[in-house]
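K.L.:
The following comprises the amino acid sequence and a computationally predicted model.
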Amino acid sequence: MAIIEFPKEMKWGAATAAYQIEGAALEDGRGLSIWDTFSKTPGNVLNGDNGDVACDSYHRYKEDVQIMKELGINVYRFSISWPRIFPAGTGEINQKGLQYYHNLVDELLENGIEPMCTLYHWDLPQALQDQGGWENRKTVDAFADYAEQIFKEFDGKIKKWITINEPWCVSFLSNFIGIHAPGFQNLKLATDISHHLLLAHGKAVARFRDLKVEGSIGYAPNTEWLEPFSSKQEDIDACNRGMGWFIEWFFDPVFKGQYPHFMLEVFDKHGAAPAIQAGDMEIISQKIDFVGINYYTGSVGRYKKDADLFDLEKVDIGYEKTDFDWNIYPEGFYKVLLKIKDQYGDIPVYITENGACYNDEVENGRVKDQGRIDYLKQHLTSLKRAMDSGVQIKGYLAWSLLDNFEWAEGYHKRFGIVHVDFNTLKRTKKDSYYWYKQTVKNGWFDM
Ligand SMILES: OC[C@H]1NNC[C@@H](O)[C@@H]1O
């Protein structure tokens, strides 16, 4: 078998997000988020699940940190719940909310684990949504004020910062496709929101620089690979448009200071080009220190007129799938990373999310999730291939440490390397946890 070995200095971690694990949704002064509202609207979330309790990490974070310590990881990515800090989105600060994150960060540091903090992982304060949410440019400034407050509070403790997680999901999945909160289906709204999210990212980076906060800052776009079904130019072009929705649309503004023309053409055709004000692109495109890449899956695509916004249809050619029915496509991970390096230069990259949904349950005290181990092996092998091709990978963070609230799929879809019984909240380390622990310890694995 082949040994896949990683550099000694590479960081190994795991990732979660506030609304997906914390629970305590109505506790200690936390304000409502759009996901509290959305999940309690019947029909939006499978089985009517919501984040009221989740993994109860708000109360069990010490146990979770011990699980991380035993795992041997040296970085943990979590997100701060904006409405736990500013219950109304702006104005009065909830000191108990700040205290929770100080307790979590102190616990991590005391156990030799570096905190990587995501400022926005989808839980917009409902109070701001009531004023138009991300469609309203005032929300952009509210985010910058929230970010500044957090920077000041945790400067010196937290040194790796992510502004926005997956702006494509926040804009298009949530306001055009509509399956995530707040659940609209309006393309022009979605493109305006995508612009405001990038603006919010840029303003937060500007505050970070002005405050001379110690550490580094980036954002974490989600990516997918689309492989042309044939060598026909129409198939190649259709796949490039489809990938442009995830990659160029969110990378060109940050790294080139402009939106990609081929994507503007598509949105313009639907009367949905975003409203851009003078100075916006300069704010968006100021330098960042790293980019977080989230990768899960890829597909084969071909040209089909009006099949979707991009005249693109996906073709099932028999790839094995996870329990989320996503193709297992590790080749795409390599190709996405090379594409980003080729198009945007040699930027430091953290893999801020990669993992698989397998809904294995506990049997006799054990969770045999070989599918997840195989997925991780294949994708880490692809990652090493990208590194050997010159991509500057600084770290890999598995999604996710714990089974958690998987948005519209609720608790049914499990991504954790640790199983959570959502009736008892008992944590059970899966086989993949032990495999990952050994890989982190060794810095290599046997393919
Ligand atoms: O779907 C799996 C993950 N994808 N990225 C964002 C996370 O919040 C999701 O749980």
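P.N.:
Alright, I've got the coordinates. Numbers count the residues shown, from 1 in each chain.

K.L.:
Which residue, neighbours along the chain excluded, lies closest to residue 71?
P.N.:
In space, residue 71 comes closest to residue 437 once its chain neighbours are excluded; the distance is 5.1 Å by CB to CB, 6 or more residues apart in numbering. All C-beta atoms are positioned from the backbone trio N, CA, C, and that covers glycine.

K.L.:
neighbours of the one you found, just the number please.
P.N.:
17 (other CB atoms under 10 Å).

K.L.:
and it, what does it touch?
P.N.:
Residues in contact with residue 437 (CB atoms under 8 Å, 6 or more residues apart in numbering) are 70, 71, 72.

K.L.:
ok, now how distant is it from residue 430?
P.N.:
Distance of residue 437 to residue 430, computed by CB to CB, to the nearest Å: 11 Å.

K.L.:
May I have stretch 4-23 as PDB, with CA atoms only?
P.N.:
Provided in PDB are the C-alpha atoms of stretch 4-23 (Å, rounded to 0.1, in the frame of the first residue of the first chain):
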ATOM      1  CA  ILE A   4       0.700   9.300   2.200                       C
ATOM      2  CA  GLU A   5       2.800  11.600   4.300                       C
ATOM      3  CA  PHE A   6       2.300  15.300   5.200                       C
ATOM      4  CA  PRO A   7       4.700  18.000   6.300                       C
ATOM      5  CA  LYS A   8       5.400  18.200  10.100                       C
ATOM      6  CA  GLU A   9       4.400  21.800  10.200                       C
ATOM      7  CA  MET A  10       0.900  21.200   8.800                       C
ATOM      8  CA  LYS A  11      -2.000  22.000  11.100                       C
ATOM      9  CA  TRP A  12      -4.600  19.300  11.800                       C
ATOM     10  CA  GLY A  13      -8.000  20.200  13.100                       C
ATOM     11  CA  ALA A  14     -11.700  19.800  13.200                       C
ATOM     12  CA  ALA A  15     -14.600  22.300  12.500                       C
ATOM     13  CA  THR A  16     -18.000  23.100  13.800                       C
ATOM     14  CA  ALA A  17     -20.400  26.100  13.800                       C
ATOM     15  CA  ALA A  18     -22.400  27.800  16.600                       C
ATOM     16  CA  TYR A  19     -26.000  27.100  15.500                       C
ATOM     17  CA  GLN A  20     -25.200  23.600  14.600                       C
ATOM     18  CA  ILE A  21     -23.700  22.500  18.000                       C
ATOM     19  CA  GLU A  22     -24.300  25.000  20.800                       C
ATOM     20  CA  GLY A  23     -28.000  24.700  21.700                       C
END
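
K.L.:
Just the mean pLDDT for that stretch, thanks.
P.N.:
Averaging pLDDT along stretch 4-23 gives 98.

K.L.:
Over to stretch 312-325?
P.N.:
Per-residue scores along stretch 312-325 average to 98.

K.L.:
Please list the residues outside it that contact it.
P.N.:
Under CB under 8 Å, 6+ apart, the answer for stretch 312-325 is 226, 229, 238-239, 241-242, 297, 299-304, 307, 327-329, 356-359, 371, 375, 409, 413-414.

K.L.:
count of neighbours near the residue of the stretch 1-150 of the chain found nearest the ligand?
P.N.:
At 5.0 Å from the ligand, residue 17 is the closest residue in the stretch 1-150 of the chain, using CB to the nearest ligand atom. Residue 17 has 24 neighbours, counted by other CB under 10 Å.

K.L.:
Leaving out chain neighbours, which residue sits closest to it?
P.N.:
Spatial nearest neighbour of residue 17, excluding adjacent residues (CB to CB, 6+ apart): residue 121 at 3.9 Å.

K.L.:
Kindly tell me how buried the spatially closest residue to residue 305 that is not a sequence neighbour is, as a neighbour count.
P.N.:
Leaving aside its chain neighbours, residue 305 sits nearest to residue 311 (5.2 Å; criterion: CB to CB, 6+ apart). As a burial measure, residue 311 scores 17 neighbours (other CB under 10 Å).

K.L.:
So residue 311 versus the ligand, what's the distance?
P.N.:
Separation of residue 311 from the ligand (CB to the nearest ligand atom, to the nearest Å): 26 Å.

K.L.:
Is it correct that that residue is in contact with residue 241?
P.N.:
Yes - Residue 311 lies in contact with residue 241 (CB atoms under 8 Å); the separation is 7.4 Å.

K.L.:
Skipping its backbone neighbours, what lies nearest residue 416 in space?
P.N.:
residue 403 (3.7 Å).

K.L.:
Angles on the backbone of that neighbour, please.
P.N.:
Per-residue torsions, residue 403: phi -60, psi 140 (degrees, to the nearest 10).

K.L.:
quick one: contacts for it?
P.N.:
With contact taken as CB under 8 Å, 6+ apart, residue 403 is in contact with 55, 411, 414, 415, 416, 418, 419, 420, 422.

K.L.:
which among these are in contact with the ligand?
P.N.:
residue 415 (CB under 6 Å from any ligand atom).

K.L.:
List the contacts of the residue nearest to residue 305.
P.N.:
238, 241, 303, 304, 305.

K.L.:
From the ligand, how far off is the third one?
P.N.:
Using CB to the nearest ligand atom, one gets 28 Å for the distance from residue 303 to the ligand.

K.L.:
In contact with that residue: list those residues for me.
P.N.:
Counting by CB under 8 Å, 6+ apart, residue 303 touches 232, 234, 235, 237, 238, 311, 312, 313.
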